[in-house]
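Visitor: how would this look folded up:
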Amino acid sequence: MTTDPTVLVVGGGATGAGVARDLALRDVDVMLVDRDGLASGTSGRSHGLLHSGARYAEADLESAEECLAENRILKDIAGACIRDTGGLFVRLAEDNEDYFERKMAACNAAGIEVQRLDGDEAREQVAGLSDDVVEAFRVPDRVVYPSRLVAANAADAEAHGAAVRPHTPVTDVTVSNERIDSVELGGDVDGTVRPEIVVNAAGAWAGQLAEMAGATVGMAPSRGVMVAVEYDDLEPVLNRCREPDDGDIIVPHEGEVVLGTTSVPVDDPDEYDRPDWEVERSVSECAAMLPSVADARTVRTWWGVRPLYAPDEAGSDRRGISRGFTVIDHADEGVSGLVSVVGGKLTTYRRMAEVTADRVCAGLGIDATCETATRRLPAVDDTERLDELVGQYGGANPTDSSTVGTTTAVDE
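Guide: The predicted structure follows:
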């Protein structure tokens, strides 16, 4: 048994930790729970790119602008949770020249600073870049260490009164008179809480949590593989400048690069195939940009599941689903007190949390403004302390286990 919080946030990834921090800074009594360690779901199983917005610029201008704004905010508030590497979008001889031009024009329209390079200039900046690269442009991509980012958010939430409980799964939700009545928690808490509002920040598992309460969230999860290989010489993120496809991104981490990724629909974010062809295709496609990665030693391989939200989406191709986010109040379904935040990206977690916290505070009649865009995260200038926090909340995850001192990551 534990003290009843005003708000229970379910899901300890970046968005859930961000919501807990935002609410705690507004003096809301909040509890954050996750069934495993923090960042153990999608957040800690990505390739670790902090988007500049360029990836989405020609297809979704609003998402691109949102990524750029949040990228800049995190540069100011997140310290050692991110690394300023820059990024290149490269066009190979076989890639569509018109798409390259559209991408550059869309970046300009979104306010994303770009610098055009010919193939030789690109190879001067990136040792080992393929001779097939005919042109490229620079963008302000960065690398993010999600284990650190989530831990810093959780620590700030706790410092302002929140209860943070990893290893605490939700086992049941009771609804009475069309309102959330109670939530059963297992694991380290093993008790019942009666919050006024439940925030469903469970990512790819949001549909399962909503179903416990008799509500519906139209998730369309998609798996993708990441392959970390030994590699010391890459600084900028490499993006293949073509229509989104398998193996079109290489993200530099310390002493290695992460090659990715694929996009295959899954029905269950816990139970899905992990076939060798996805690994092989990602490596071979990435090697078209940076040939030596094909022979580099594999350090670890893992899959992540994207928390795509597409209630009206039909068909099997989920690459075209918007990476924007949605906040849903389930009162219209007869489940008052349940708010779901779905979709989105790691890059935009802070904005997702702000919009969600605004909605929650409005429901509670609380007049308090968001501080997270300007308030620096704790311990972000002290990597040793950051990594202690990561260990406290469950350990590092596959994305950043080469950098973060405490690790629980395993190959799959």
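Visitor: Going by C-alpha atoms from here, please, whenever you check contacts or count neighbours.
Guide: Noted.
Visitor: what ranges do the helices span in this protein?
Guide: 14-25, 61-77, 97-110, 119-125, 146-159, 206-212, 276-287, 349-364, 383-392 (DSSP state H).
Visitor: will you turn the ones you listed into TSV that also has distance to residue 253, mean neighbour count and mean pLDDT?
Guide: Listed next are the helices of the chain as TSV, based on distance: least, C-alpha to C-alpha, whole Å; neighbours: other C-alpha atoms under 10 Å; pLDDT from 0 to 100:
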stretch	distance to residue 253	mean neighbour count	mean pLDDT
helix 14-25	19	31	98
helix 61-77	17	20	97
helix 97-110	25	18	98
helix 119-125	17	16	98
helix 146-159	12	27	98
helix 206-212	30	19	97
helix 276-287	15	19	98
helix 349-364	21	21	98
helix 383-392	16	20	96
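Visitor: Out of these, which gets nearest to residue 341?
Guide: Smallest distance to residue 341 across the helices of the chain (C-alpha to C-alpha): 6.8 Å, for helix 349-364.
Visitor: tell me what the closest one is packed against?
Guide: Secondary-structure packing of helix 349-364 (3 or more C-alpha pairs under 8 Å, 6 or more residues apart in numbering; DSSP states H and E): helix 14-25, strand 325-329, strand 338-343.
Visitor: Tabulate the ones you listed (CSV), appending distance to residue 368.
Guide: Supplementary listing: the helices and strands packed on helix 349-364 in CSV, determined by distance: least, C-alpha to C-alpha, whole Å:
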stretch, distance to residue 368
helix 14-25, 9
strand 325-329, 19
strand 338-343, 19
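Visitor: Those: which one's closest to residue 296?
Guide: helix 14-25 (31.0 Å).
Visitor: Now do that closest one against strand 338-343: the angle between them, please.
Guide: Computed with axes from the mean of the first three to the mean of the last three C-alpha atoms, to 10 degrees, the direction of helix 14-25 lies at 130 degrees from that of strand 338-343.
Visitor: What are the contacting residues of helix 14-25?
Guide: Applying C-alpha atoms under 8 Å, 6 or more residues apart in numbering, the external contacts of helix 14-25 come out as 9-11, 29-32, 39, 43, 146, 149-151, 153-154, 156-158, 160-162, 201-202, 346, 349-350, 352-354, 356-357, 370-372.
Visitor: now stretch 255-273
Guide: In contact with stretch 255-273 (C-alpha under 8 Å, 6+ apart) are residues 47, 204-205, 220-232, 234, 245-252, 278, 282-283, 286, 305, 316-319, 402.
Visitor: And for stretch 326-338?
Guide: Taking C-alpha under 8 Å, 6+ apart as the rule, stretch 326-338 contacts 175, 178-180, 196-200, 213-215, 339-344, 355-356.
Visitor: For that stretch, list every residue counted as buried.
Guide: By neighbour count on 16 or more other C-alpha atoms under 10 Å, the buried set for stretch 326-338 is 327, 328, 329, 330, 334, 335, 336, 337, 338.
Visitor: Stretch 369-385 now?
Guide: So, applying 16+ other C-alpha under 10 Å, buried residues of stretch 369-385: 370, 372, 373, 376, 377, 378, 379, 380, 383.
Visitor: now the fourth one: how far from residue 75?
Guide: Per C-alpha to C-alpha, to the nearest Å, residue 376 is found 10 Å from residue 75.
Visitor: Ok, the second one next?
Guide: Applying C-alpha to C-alpha, the value for residue 372 to residue 75 is 13 Å.
Visitor: got it, and the fifth one?
Guide: Here the criterion is C-alpha to C-alpha. By it, residue 377 lies 11 Å from residue 75.
Visitor: Residue 83 and residue 143 touch, don't they?
Guide: Yes. Using C-alpha atoms under 8 Å, residue 83 makes contact with residue 143 at a distance of 5.1 Å.
Visitor: Distance from stretch 88-97 to the middle of the chain?
Guide: 27 Å (C-alpha atoms, centre = their mean, to the nearest Å).
Visitor: Kindly report the same for stretch 280-292.
Guide: The answer for stretch 280-292 is 24 Å, by C-alpha atoms, centre = their mean.
Visitor: Verify the contact between residue 381 and residue 79 for me.
Guide: Yes. Taking contacts as C-alpha under 8 Å, residue 381 lies within contact range of residue 79: 5.8 Å.
Visitor: if we can go back for a sec, of the helices and strands packed on helix 349-364, give the one that comes closest to residue 398.
Guide: helix 14-25 (14.9 Å).
Visitor: returning to that earlier point: okay, the helices of the chain in TSV with distance to residue 257 next?
Guide: TSV is the format used below for the helices of the chain (distance: least, C-alpha to C-alpha, whole Å):
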stretch	distance to residue 257
helix 14-25	22
helix 61-77	21
helix 97-110	24
helix 119-125	17
helix 146-159	16
helix 206-212	31
helix 276-287	11
helix 349-364	24
helix 383-392	21
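Visitor: so which of these comes closest to residue 188?
Guide: Short answer: helix 383-392, nearest of those by C-alpha to C-alpha, at 13.9 Å.
Visitor: any idea how far residue 67 lies from residue 371?
Guide: 19 Å.
Visitor: which residues does residue 103 contact?
Guide: Contacts of residue 103 (C-alpha under 8 Å, 6+ apart): 54, 57, 58, 241.
Visitor: I'd like to know how far it sits from residue 249.
Guide: 16 Å.
Visitor: now do residue 70
Guide: 20 Å.
Visitor: repeat for residue 181
Guide: 45 Å.
Visitor: When those two are compared, which one has more neighbours?
Guide: With neighbours defined as other C-alpha atoms under 10 Å, residue 181 and residue 249 compare such that residue 249 has more, 25 against 19.
Visitor: OK, contacts around the more buried one?
Guide: Residue 249 neighbours (C-alpha under 8 Å, 6+ apart): 237, 238, 239, 240, 259, 260, 261, 286.
Visitor: what does residue 242 give?
Guide: 91, 95, 96, 99, 100.
Visitor: from memory residue 356 sits against residue 341, does it?
Guide: Yes. Residue 356 lies in contact with residue 341 (C-alpha under 8 Å); the separation is 6.8 Å.
Visitor: Low-confidence bits of the protein, can you list those?
Guide: Across the chain, the ranges flagged by pLDDT under 70 are 1-2, 313-323, 406-412.
Visitor: Show me it divided up by domain.
Guide: 7-43+146-218+319-400, 85-143+222-306 (automatic domain parsing).
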